[in-house]
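Enquirer: Following is a predicted model, sequence given first.
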Amino acid sequence: MIYKNEKQLLNIIKFTPPIFIITISIIITFLLFLEKQDELKKEKISIQNTYIKENKELVQKDVQNLYDFIVKTQETTEEKLKDSIKERVNEANNIAMRIYNENKDSKTKDEIIKMIKDAIVDIRFNDGRGYIFIYTFDYECILLPINRVNEGQSVYNFQDSNGMYLGREIVNSLKNKDEAFLTWYYPKPNELNSSYKKIGFNIHFKPYDWFIGTGEYFVDFEDSVKKSVLEYISKFKTNKNDYFFILDYDNKEGLFKRVDGTEEHTFVELTKPKDKNLFNNIVKAAKNNKEFISYNYEYDESNNILTKTSYIKDLPNWKWVIAKGFYHSYVNDIIKNKTDELNNNFEKKIMTIFSIAVILTVLLLIFSIYISKLLEKKFANYKREINNYIDKNTEQQHILSQQAKMAAMGEMLGNIAHQWRQPLSVITTVATGMKLQKEFDSLDDVTFEKSIDNITNSALYLSDTIEDFRNFFRTDKEETVFYIENVFEKVFKLTNAQFKNHEIIFIKNINDFKLFGFENEFIQALINILNNAKDALETIDNPRLIFISTYEENNKAIIKITDNAGGIDEEIIDKICEPYFTTKHQAKGTGIGLYMTEEIIVKHMNGTLVFKNVDVIYENQSYKGAEITIELPIKTT
């Protein structure tokens with residue numbers, strides 16, 4: 001007769017080899033998977049590094065080429081301006097000379113002068129800014145198209161912004177030659193409080209002893225050169241990841257959009273705060289000769305935030321920053337193709353391993369059945385040993401199970417004890433005080449009522465604590481709208497006695513607003529923070545201070561709790577919210593309080609929790625302390 005245990009052992013002998021083979025196959029598959037993941041990870045890093053390196057070199061080369069082009073353009077701007085106005089003055093002089101030659105024998109001088117003025121008065125160039133003027137060597141104005149009323153008047157005493165007698169200088173420049181350039185400074189018509197460089201060219205018109213000339217503001221001509229540069233850039237072939245952008249940090253404007261031939265190539269004022277901030281960061285980096293800058297950029301109106309790296313170059317003469325960048329996201333397509341390739345190879349390896357595993361499993365199963373039948377008869381002699389082994393093993397499993405239950409219970413009791421310690425202390429203190437007052441017959445009704453209220457509130461809090469622990473990870477909790485002022489009233493009501501006993505002073509500046517979330521959990525979080533502050537304050541002499549302020553800022557609710565207990569060790573300040581991390585004695589804490597506080601604030605209420613050390617001023621005295629800042633979304637309706 002074969003007993004159950006014998007059948008189990010036979011089944012083990014029969015099925016262990018196939019299971020072993022399957023297990024080995026799974027392990028090998030898993031190891032191959034890890035190998036593939038590691039290979040994929042390394043490949044991703046390699047692709048990313050190569051992509052970023054190559055793109056950095058590419059955008060640097062493109063920006064440098066554009067920079068060299070603009071610098072060369074800047075260097076030749078004045079020469080271009082001179083060539084431009086000289087060409088126009090020569091044209092006007094040729095017109096005047098032709099009219100004179102064609103009519104000198106048939107018309108009077110006045111008629112010829114009128115014909116020359118009529119031919120030249122409407123000449124305009126350089127986007128309508130340029131015009132031709134005519135003066136005699138006796139400083140009489142013959143033609144001034146922009147102000148005809150001055151014709152016939154003398155410019156002998158006319159001065160530029162620097163006090164130079166302009167008419168006299170022009171005449172002096174032409175005394176020994178037929179043409180000459182001259183530079184002077186003069187306000188623009190709409191900017192009378194400023195002075196700008198102006199370059200002029202004049203030709204001696206000998207028939208009437210005139211000088212024909214023109215002048216152009218250098219800055220205006222330079223602006224037209226800038227437009228030409230933008231038009232030049234606009235002709236570059238572009239795509240979503242290949243375009244220049246330019247910042248004008250004098251006018252706080254930027255040409256951020258792609259120049260792909262379908263958009264105007266003009267600067268636009270930045271209005272969004274995040275665009276202004278990005279603008280300032282890029283300009284600041286360029287002025288500090290920083291070459292590469294990485295940042296997050298909203299690529300389009302769908303709020304798609306992408307990481308971008310740009311090469312930037314400062315052009316201080318034009319107060320421009322020219323740049324070109326690339327989006328890191330485009331490397332994802334390359335990585336995806338490599339991932340697909342690795343996945344295909346992995347699937348082939350898995351199919352090979354699976355086929356081998358199936359064949360070996362069938363062979364070993366047949367062999368195992370044969371061996372099990374040979375061993376079946378020998379199991380009878382080992383029944384007792386096997387049964388004893390099973391009994392001992394069962395007992396051991398039971399002990400291990402009990403130990404696991406006790407450990408879990410101890411952990412929960414430790415968590416609950418951490419929350420119960422202060423309320424129990426309040427109940428004990430109040431009860432002891434009532435007893436002493438009763439013994440000395442000094443227990444009046446008011447004190448009795450207050451003590452009973454404190455005991456009742458603390459007892460209710462003890463009762464609620466168990467429910468809080470149960471509810472902490474439950475999914476059936478309901479969020480409600482509550483007021484921060486009411487929350488702090490409940491907190492102070494529950495903790496007033498213990499803080500008063502430790503001579504802790506609260507300095508409150510609470511502005512009320514609505515929040516949405518789990519009120520009881522939030523109260524628990526605040527009590528945890530205040531209790532930690534209290535424990536720290538116990539180690540210092542008076543005054544023991546806790547500052548509490550609440551206010552709204554940028555559509556966020558801000559709650560700051562600050563003490564003067566000396567602050568938190570900088571080496572552990574980033575660890576204090578880790579579960580079971582504590583610097584206190586085991587009798588005073590388990591390290592779960594701030595962990596639960598962070599869980600409530602961050603995960604349950606979508607907020608942030610920040611710890612830092614600050615200097616605290618109280619009654620003209622400075623103290624070191626810790627400041628906890630809670631930032632939560634405000635409930636607006």
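Expert: Alright, I've got the coordinates.

Enquirer: drop to CA atoms for contacts and neighbour counts, all remaining ones
Expert: Noted.

Enquirer: gap between residue 482 and residue 513?
Expert: Residue 482 sits 8 Å away from residue 513, going by Cα to Cα, to the nearest Å.

Enquirer: what helix or strand is residue 552 on?
Expert: When elements are assigned from DSSP states H and E, residue 552 belongs to strand 544-553.

Enquirer: which strands and helices sit next to that strand?
Expert: In terms of contacts (3 or more Cα pairs under 8 Å, 6 or more residues apart in numbering; DSSP states H and E), strand 544-553 is packed against strand 504-510, helix 519-537, strand 556-563.

Enquirer: Can you give the strand pairings for it, parallel or anti for each?
Expert: Take DSSP bridges as the rule and strand 544-553 pairs in its sheet with strand 504-510 (parallel), strand 556-563 (antiparallel).

Enquirer: circling back to that earlier point, between the helices and strands packed on strand 544-553, which gets the lowest average pLDDT?
Expert: When the helices and strands packed on strand 544-553 are ranked by mean pLDDT, helix 519-537 comes last with a mean of 85.

Enquirer: mind listing the helices for the chain?
Expert: 4-103, 109-120, 166-173, 218-234, 273-287, 331-375, 383-439, 445-471, 484-501, 519-537, 593-598 (DSSP state H).

Enquirer: For residue 137, find the nearest of those helices.
Expert: Evaluated with Cα to Cα, the helices of the chain place helix 166-173 nearest to residue 137, the distance being 6.1 Å.

Enquirer: So for the closest one, mean pLDDT?
Expert: For helix 166-173, the per-residue pLDDT values average out at 92.

Enquirer: Give me the buried positions along that helix.
Expert: Within helix 166-173, the residues scored as buried using 16 or more other Cα atoms under 10 Å are 166, 167, 168, 170, 171.

Enquirer: For stretch 600-609, give the mean pLDDT please.
Expert: 88.

Enquirer: starting at the chain centroid, how far to it?
Expert: Here stretch 600-609 is found 20 Å from its chain centre; the criterion is Cα atoms, centre = their mean, to the nearest Å.

Enquirer: cool, and stretch 71-90?
Expert: Relative to the centre of its chain, stretch 71-90 is centred 45 Å away, using Cα atoms, centre = their mean.

Enquirer: who's in contact with that stretch?
Expert: Identification of contacts with stretch 71-90 by Cα atoms under 8 Å, 6 or more residues apart in numbering yields 125, 132, 181, 199-203, 212-216, 218, 221-222, 225.

Enquirer: same deal with stretch 113-129?
Expert: Stretch 113-129 is contacted from outside by 88, 92, 95-96, 99-100, 130-132, 143-145, 216, 221, using Cα under 8 Å, 6+ apart.

Enquirer: What count of nearby residues applies to the closest residue to residue 99 other than its chain neighbours?
Expert: Nearest residue to residue 99, sequence neighbours excluded (Cα to Cα, 6 or more residues apart in numbering): residue 116, at 6.6 Å. Residue 116 has 20 neighbouring residues, counting by other Cα atoms under 10 Å.

Enquirer: ok, now residue 571?
Expert: Around residue 571 there are 7 residues (other Cα under 10 Å).

Enquirer: In contact with it, which residues are there?
Expert: Residue 571 neighbours (Cα under 8 Å, 6+ apart): none.

Enquirer: coming back round to it: a markdown table please, covering the strands paired with strand 544-553 and showing distance to residue 153.
Expert: What follows is those, written out as a markdown table (distance: least, Cα to Cα, whole Å):
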| stretch | distance to residue 153 |
| --- | --- |
| strand 504-510 | 76 |
| strand 556-563 | 70 |
